[in-house]
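Enquirer: starting from these lines, generate the structure:
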Amino acid sequence: MTAAAFRILVVDDEAPQRELLAGFLVKQGYEVVRAGSGAEALERFHRETFDLILTDHRMPQMSGLDLLKAVREINPEVPVVVMTAYGSVEQAVAAMKAGAYDYLGKPIDLDDLLHRIGKVRERQQLLAEVRALREDLRGRYRLEGIIGESGAMQEVLGVVQRVAPSTATVLIQGESGTGKELIARALHHQSPRASGLFVAVNCAALPETLLESELFGHEKGAFTGAGERRVGRFEAAEGGTIFLDEIGDLTPALQVKLLRVLQERRIERLGANRPIPVDVRVIAATNQDLERAIREQRFRKDLYYRLNVVTITVPPLRRRREDLPLFLDHFLKKFAEANGKAIRGFTREARDA
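Expert: Residues are numbered from 1 along each chain as shown. Okay, the predicted model is just below:
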């Protein structure tokens, strides 16, 4: 980072001292913003981005210590250096306890000030490198919008990476809202079929007759209202992946037909008498306990074993609380972008709530 790219907010209620420091730093190539009070500085901090705040300690209405605490609430990563002509050990300790990066006594030694700013810049560079490394690590586990660094999610994503290159049928289990479709999309986009379509079907959204037509298609005149031939989702997914969500809601009749497709790799449109070969990877998902459904004779055992070649169980968020900060940051960024807002982040209290 060049000096010109490093922004410093200089805060002092005494204009001569403020201008002396600001002028000196400008000559060193730094971009400097001046504020004559803590309140003015805080107002600028809400609107602008700074790499360092250099503030006087003793100011009317809002002291440097008050400003420091307010800045820490908004963005604790911005370093604050407190300076005063009334320096004491107690004040220095109070400032450091409140989170000050450093403490300087007046009159300011300008060479010493430059040295300390250099240390701040080194620190900022290290923090930027750490953030970049952390983001790289997150990227390894953030597949297709999947957010998670917890042990439970790393295990899930490890299975995804191992299974994706194969053609195996996959059954994804998990409660509603756990991201089963995101897992399915990750499997597709990391597979050799990524250039093909990913076709999603919600098996609980349609009645049996409409769902059968949706899955397998129909010929013209196959039923009332079938005015023309229609290609089903299995054919549409040729060379790609079909995702059957809420598979546990299939009726017994459709379970039989799906089992036949998995066994023979052929489908038959409604109203047709000629089977059509399909090359499709099947990924199914459910929020139900299918083994219990089998015991209650609501789901076919042979279909279950055809689907359950590989099982991926997605844990609910309450079992991976380590991922909560990632979700907070993700949705805050999404909200800010959607609404054109410049929101820096959450306060420590909000994160701990």
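
Enquirer: the domain parsing of the chain - what is it?
Expert: Domain assignment for the chain by automatic domain parsing gives 3-137, 167-316, 320-352.

Enquirer: quick one: closest of those to Ile146.
Expert: In terms of Cβ to Cβ, the element of the domains of the chain nearest to Ile146 is domain 167-316, at 5.1 Å. For every residue, glycine as well, the C-beta is placed using N, CA and C.

Enquirer: count of neighbours near Lys333?
Expert: Around Lys333 there are 12 other residues, counting by other Cβ atoms under 10 Å.

Enquirer: checking it next. Helix, strand or coil?
Expert: Assigned by DSSP: H, G, I helix; E, B strand; the rest coil, the conformation of Lys333 is helix.

Enquirer: gap between it and Asn339?
Expert: 11 Å (Cβ to Cβ, to the nearest Å).

Enquirer: pretty sure Ser166 is in a strand, no?
Expert: No - under the criterion used here (three-state DSSP), Ser166 is coil, not part of a strand.

Enquirer: count the residues that sit near it.
Expert: Neighbours around Ser166, by other Cβ under 10 Å: 14.

Enquirer: measure the closest residue to Thr313 other than its chain neighbours to Tyr103 for me?
Expert: In this structure, Thr313 finds its nearest non-sequential neighbour in Gln173, 4.8 Å apart by Cβ to Cβ, 6 or more residues apart in numbering. Going from Gln173 to Tyr103 by Cβ to Cβ gives 56 Å.

Enquirer: now Asp51
Expert: Taking Cβ to Cβ, one finds Asp51 at 18 Å from Tyr103.

Enquirer: quick one on the thing from earlier: dump the domains of the chain to TSV, plus mean pLDDT.
Expert: As requested, the domains of the chain are exported to TSV (pLDDT from 0 to 100):
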stretch	mean pLDDT
domain 3-137	87
domain 167-316	92
domain 320-352	70
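
Enquirer: for the closest residue to Met62 other than its chain neighbours, what are its contacts?
Expert: Leaving aside its sequence neighbours, Met62 sits nearest to Gly38 (Cβ to Cβ, 6+ apart; 2.9 Å). By Cβ atoms under 8 Å, 6 or more residues apart in numbering, the contact set of Gly38 is 11, 55, 59, 61-64, 66-67, 70.

Enquirer: 6 Å - rerun?
Expert: When contacts are counted by Cβ atoms under 6 Å, 6 or more residues apart in numbering, Gly38 touches 59, 62, 66-67.

Enquirer: of these - the most surrounded one?
Expert: Counting neighbours by other Cβ under 10 Å, Leu67 comes out on top of these with 27 neighbours.

Enquirer: for the stretch 151-300 of the chain, what spans make up the helices?
Expert: 151-163, 180-189, 208-216, 233-236, 252-264, 290-295 (DSSP state H, counting those that start in this stretch).

Enquirer: most packed of these?
Expert: Neighbour counts (mean count of other Cβ atoms under 10 Å) averaged over each of the helices of the stretch 151-300 of the chain peak at helix 180-189, with a mean of 22.

Enquirer: send the alpha carbons of that helix over as PDB?
Expert: Listed next in PDB are the C-alpha coordinates belonging to helix 180-189 (Å, rounded to 0.1, in the frame of the first residue of the first chain):
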ATOM      1  CA  LYS A 180     -30.000 -29.800   0.100                       C
ATOM      2  CA  GLU A 181     -30.500 -28.300  -3.400                       C
ATOM      3  CA  LEU A 182     -27.200 -26.300  -3.000                       C
ATOM      4  CA  ILE A 183     -25.500 -29.600  -2.200                       C
ATOM      5  CA  ALA A 184     -27.100 -31.200  -5.300                       C
ATOM      6  CA  ARG A 185     -25.900 -28.300  -7.500                       C
ATOM      7  CA  ALA A 186     -22.400 -28.500  -6.100                       C
ATOM      8  CA  LEU A 187     -22.400 -32.200  -7.000                       C
ATOM      9  CA  HIS A 188     -23.500 -31.400 -10.500                       C
ATOM     10  CA  HIS A 189     -21.100 -28.500 -11.200                       C
END
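
Enquirer: the inter-axis angle of it versus helix 151-163?
Expert: Angle, helix 180-189 to helix 151-163, by axes from the mean of the first three to the mean of the last three Cα atoms, to 10 degrees: 30 degrees.

Enquirer: run the chain-centre distance for helix 180-189.
Expert: Its chain's average C-alpha position is 15 Å from that of helix 180-189, according to Cα atoms, centre = their mean, to the nearest Å.
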